[in-house]
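Participant: No sequence on hand, only this structure:
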């Protein structure tokens, strides 16, 4: 079974990663300063997505290096996958 995550803009303007379930608490929140928003404009979603993807990749690398059995299972395709959109 795969989990579905979504990147959303919260009411306060923060960008968040959360499970695709109603009422779920954000797993990650990103808040850009007013100055950075001036330069980013609508690209803030692309930047936030890149930041989240980099964080997920780093977390996966850390987990793999600390658990060799988990890495073997991933290579064999036995571990749950998730979708980020």
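Facilitator: Received, thanks. Note that the structure is predicted; figures quoted are calculated from it, not measured.
Participant: Go through the longest strand along the chain and flag the buried ones.
Facilitator: The single longest strand within the chain, with elements called by DSSP state E, is strand 3-9. Buried residues in strand 3-9, counted by 16 or more other CB atoms under 10 Å: 5, 7. Glycine gets a C-beta too; all of them are placed from N, C-alpha and C.
Participant: what are the pairing partners of it, and which direction each?
Facilitator: Sheet pairing for strand 3-9, assigned by DSSP bridges, gives strand 15-19 (antiparallel), strand 82-84 (parallel).
Participant: Any idea which residue is closest to the centre of the chain?
Facilitator: Nearest to the mean C-alpha position of the chain, by CA atoms, centre = their mean, lies residue 52 at 3.9 Å.
Participant: so how far is stretch 13-20 from its chain's centroid?
Facilitator: For stretch 13-20, the distance from its own C-alpha centre to the chain's C-alpha centre is 9 Å (CA atoms, centre = their mean, to the nearest Å).
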